[in-house]
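*Asks:* with the sequence up front, the predicted model follows.
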Amino acid sequence: MLDRATFLVQGGIFAQVSETADTLPPPDVAVVDLAGKTVMPAIVNAHSHLGWEAYTGWGSQHFTRDNLIDHLYRHAYYGVGTVISTATDKQSIARAVQLDQKLGKVGGARYVPQPGLGTPGGGGNPNFTADPGWWGGGDGYYEVTSPDQARAALRDEAAKGTQVFKIWVDGRDERRGARIKLSEAIYTAAADEALVHDIRVLAHAPLVDDHKKLLRAGVRRLIHGPSVVDDEWIALMRSRNAYLIPTTQSSFRDLTFYADPFFRGHVSGAVLARLADPGNLGPVGVPRTSTSPPTIDSARQAAADAQARARFSKMVNAGIQIILGADVGWGPTATHVGSFFGYAEHLELAAFVRLGMTPAQAIVAGTSKPAEAFGLSDVGTIAPGKGADFIVLDANPLDDIANLRLINQVYLRGSRVDRESLRERWTR
């Protein structure tokens, strides 16, 4: 976080960073005066699902090059500079977009597609696997039944230059009517092979017993949960130098955020009309039969919130490395905050503070820590040699995490994101 500093950007990279505002710039260099502003690194989101969301519809038919690029710009609009899309991307499209972005032909947030493996018929949640167009068993998702197949999948991805890889451990293969977990032998083989090729593995496994087995098998990046925070889990997380993506807000439903001006800056009237339909506000994946808004048991909700705060605070106080993964885009449209790229990341970081982090801890969890966890060495901090991805804010979020919403400008690769034009296009 920089309050008074000077930095030089050349070729999309921080060439110099000074801790004082008195440093004179080189001759013939354009100077941008950010006096009175706060500058911080762009946000790094380690868990998203790009391509399926169309804002007035959701499904595999929307996974196109243009929609994928639109999602990168939606992240950029909200100051998200890097996004890892976790194993529901059609890799034949994803890799082409990633390459074109590296060649400077595509803008938006830096895109890191992540292939993955799981049991046959399994993988992503039933919203994905029940879709008639789901490409399970090919184009980025490997259906495996043996350790040898898992090793072969990792070798195949290593040859393609894959940096990160997801494994679904819990039994989510509801499309077949079964619930078969990935065996320890399979995910241990995957972890071993990934280590050989310097690939970072992320494991989807909410249950604490699965967390412990994965940690002992060498997996250091876990998503969701844990179901219980006990001393054994804490000790394993610390001894393995592991990272956790808790995803506190991806299923969050609160009608107030639909009225939030910060939210309305990136959606059209058609989207707002859809959100106003009570039929879209039922449990995720369960059609509503009533036209009246769902009722909320306030006492039950308060008890759940208190339990969540106790669990989260215990992890924070134990020094667990919690990182941002907003779990955005997993469908279906309008039923939950996890539909909305960029905005969801802000709610997740605010939730981190509400549940027990300081604003400084939350900012680290949303910038340098996820970059560190996934070997993204060119993002996450403002330092010489790093990519010039940063947010200019009108107030300091260290004072109040809500100030992270006061975005004045966003710069990615040293160039200013034209947020005004994006907002005009999206809100028509």
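*Replies:* Yep, it's here.
*Asks:* shouldn't Arg151 be in contact with Glu193?
*Replies:* Yes - at 4.4 Å, Arg151 counts as touching Glu193 under the criterion of Cβ atoms under 8 Å. Just so you know, the C-beta spots here come from the backbone N, C-alpha and C atoms, and that holds for glycine as well.
*Asks:* compare those two (neighbour count), which wins?
*Replies:* Taking other Cβ atoms under 10 Å, Arg151 and Glu193 do not tie; Glu193 has more neighbours (21 against 18).
*Asks:* in the strand or helix carrying the more buried one, which residues are buried?
*Replies:* Using DSSP states H and E, Glu193 maps to helix 184-196. By neighbour count on 16 or more other Cβ atoms under 10 Å, the buried set for helix 184-196 is 186-191, 193-194.
*Asks:* farthest-separated two in the residues you listed?
*Replies:* Across the buried residues of helix 184-196, the longest distance by Cβ to Cβ is 12.5 Å; it joins Ile186 and Ala194.
*Asks:* backbone dihedrals for Gln114, please?
*Replies:* phi -130, psi 110 (degrees, to the nearest 10).
*Asks:* scratch that, Leu103 is what I was asking about
*Replies:* Note on Leu103: its backbone torsions stand at phi -80, psi 0 [degrees, to the nearest 10].
*Asks:* around it, count how many other residues there are.
*Replies:* Around Leu103 there are 8 residues (other Cβ under 10 Å).
*Asks:* ditto for Asp305
*Replies:* 12.
*Asks:* and the pLDDT for it?
*Replies:* Model confidence at Asp305, expressed as pLDDT, equals 78.
*Asks:* contacts for the one helix or strand it maps to?
*Replies:* Taking DSSP H and E as the definition, Asp305 sits inside helix 298-317. Contacts to helix 298-317, defined as Cβ atoms under 8 Å, 6 or more residues apart in numbering, come from residues 229, 234, 244, 246, 248, 322, 352, 354-357, 361.
*Asks:* mind running it again at 10 Å?
*Replies:* 225-230, 233-234, 237, 244, 246, 248, 297, 320-322, 351-352, 354-358, 361-362, 365 (Cβ atoms under 10 Å, 6 or more residues apart in numbering).
*Asks:* per-residue confidence averaged over the helix holding Glu193?
*Replies:* 96.
*Asks:* how near is Asp305 to Gly356?
*Replies:* 12 Å (Cβ to Cβ, to the nearest Å).
*Asks:* likewise for Arg216?
*Replies:* As judged by Cβ to Cβ, Arg216 and Gly356 stand 27 Å apart.
*Asks:* between these two, who's got more neighbours?
*Replies:* Gly356 (20 against 12).
*Asks:* re earlier: now, the contacts of helix 298-317 that are in helices?
*Replies:* Judged by DSSP state H, the contacts of helix 298-317 include 233-234, 237, 351-352, 354-355, 361-362, 365 as members of helices.
*Asks:* of those residues, grab the buried ones for PyMOL.
*Replies:* Typed into PyMOL, the line below selects the buried ones among these, using 16+ other Cβ under 10 Å:
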select buried, resi 233+234+237+351+352+354+355+362+365
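*Asks:* between the ones in helices among the contacts of helix 298-317, which is closest to Ala46?
*Replies:* Proximity of the ones in helices among the contacts of helix 298-317 to Ala46 was ranked by Cβ to Cβ; the top entry is Ala365 with 9.9 Å.
*Asks:* I figured the closest one hits Phe352, correct?
*Replies:* Yes - the criterion here is Cβ atoms under 10 Å, and Ala365 meets it with Phe352 at 6.0 Å.
*Asks:* excluding chain neighbours, what is closest to Glu143?
*Replies:* Pro120 (4.1 Å; Cβ to Cβ, 6 or more residues apart in numbering).
*Asks:* and the one you found, which helix or strand is it part of?
*Replies:* Judged by DSSP H and E, Pro120 forms part of no helix or strand.
*Asks:* how many other residues sit next to it?
*Replies:* For Pro120, using other Cβ under 10 Å, the count is 16.
*Asks:* from here on, count from 18
*Replies:* Happy to do that; since the first residue is 18 now, the last one works out to Pro137.
*Asks:* what about stretch 408-418, start to end distance?
*Replies:* 14 Å (Cα to Cα, to the nearest Å).
*Asks:* what does stretch 410-424 give?
*Replies:* Across stretch 410-424, the terminal residues are separated by 5 Å (Cα to Cα).
*Asks:* identify all contacting residues around it.
*Replies:* By Cβ under 10 Å, 6+ apart, the residues outside stretch 410-424 that reach it are 18, 20, 51, 53-57, 60, 94-96, 277-279, 282, 360, 362-363, 366-371, 374-377, 379-380, 383, 408-409, 425-427, 434, 436.
*Asks:* in strands, which of those fall?
*Replies:* The strands, defined by DSSP state E, take in 55-57, 60, 408-409, 425-427 from the contacts of stretch 410-424.
*Asks:* weed out the non-buried ones from those residues.
*Replies:* Using 16+ other Cβ under 10 Å, the buried members of the ones in strands among the contacts of stretch 410-424 are 55-57, 60, 408-409, 426-427.
*Asks:* kindly indicate which of those lies nearest His88.
*Replies:* Ile60 (14.6 Å).
*Asks:* just the pLDDT at the closest one, thanks.
*Replies:* Reported pLDDT for Ile60: 98.
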